[in-house]
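A.B. asks: Sequence first, predicted coordinates after that:
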Amino acid sequence: MKVTLEQIDELRNRVNVSYEEAKRTLEKNEGDLIKSIIELEKKRGRKGEKKGSFTNAANKLLALKMSIKGKDGDTILNVPVVVVLLTFLMSFWTVLILLVLAVVTSCKINVYRDRTINMHNIKKNVKETVDKIKDKSEEIFKDDEVEPTDIIDESENEIIIE
């Protein structure tokens with residue numbers, strides 16, 4: 001079936017694809033616009049999964065933690081490995097000396113995967129915190145607004161030291 005320019009334009013407007021991809025999909029689906037939209041959206045859905053790979057990688061990196069425990073079993077340090085690596089890059093000798101000191105004093109160094117860390121939870125918590133700060137700041141500014149009738153005589157608030 002021959003595909004018209006109007007069909008290609010309509011598909012491009014609905015799914016946001018190139019002319020070539022719109023034409024190829026329409027020809028494959030014999031000019032059926034709905035089948036073409038569904039096919040392209042499914043294809044885009046698969047690409048969308050790849051976009052989430054940053055979040056998946058961040059989850060995996062943040063889940064790796066390093067724990068240093070003393071001889072008596074008390075936790076001295078419990079941080080993500082990413083923090084240790086960044087600190088290592090910025091302050092090589094400090095981290096190296098601390099790790100050697102931990103080994104010499106018979107501390108137990110453990111690298112493990114923490115399953116409770118999730119990038120989506122971190123994003124959600126940051127958003128909630130920002131919203132709370134925004135609400136509180138609006139309340140503070142609202143409370144600070146002074147009505148002209150509320151102006152107090154400035155001489156009552158002065159302290160004069162001679």
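C.D. replies: Yep, that arrived.
A.B. asks: my guess is I76 meets G70, correct?
C.D. replies: Yes: contact criterion C-beta atoms under 8 Å: I76 and G70 qualify, at 5.5 Å. (C-beta placed from N, C-alpha, C; glycine too.)
A.B. asks: what is in contact with those two at once?
C.D. replies: Residues touching both I76 and G70 (C-beta atoms under 8 Å, 6 or more residues apart in numbering) are C107.
A.B. asks: Quickly find the element holding the residue nearest the centre of the chain.
C.D. replies: With distances taken as C-alpha atoms, centre = their mean, the residue of the chain nearest its centroid is K123 (4.8 Å). Using DSSP states H and E, K123 falls within helix 119-144.
A.B. asks: Also N110?
C.D. replies: Using DSSP H and E, N110 falls in strand 108-113.
A.B. asks: Please put the alpha-carbon coordinates of that strand into PDB.
C.D. replies: Below are the C-alpha coordinates for strand 108-113, written out as PDB (Å, rounded to 0.1, in the frame of the first residue of the first chain):
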ATOM      1  CA  LYS A 108      37.300  -6.000  60.500                       C
ATOM      2  CA  ILE A 109      36.700  -4.400  57.100                       C
ATOM      3  CA  ASN A 110      33.600  -5.600  55.300                       C
ATOM      4  CA  VAL A 111      32.300  -4.600  51.800                       C
ATOM      5  CA  TYR A 112      28.700  -5.600  51.400                       C
ATOM      6  CA  ARG A 113      25.600  -4.800  49.300                       C
END
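A.B. asks: Which strands or helices does that strand pack on?
C.D. replies: Applying 3 or more C-beta pairs under 8 Å, 6 or more residues apart in numbering; DSSP states H and E, one finds that strand 108-113 contacts strand 64-69, helix 92-104.
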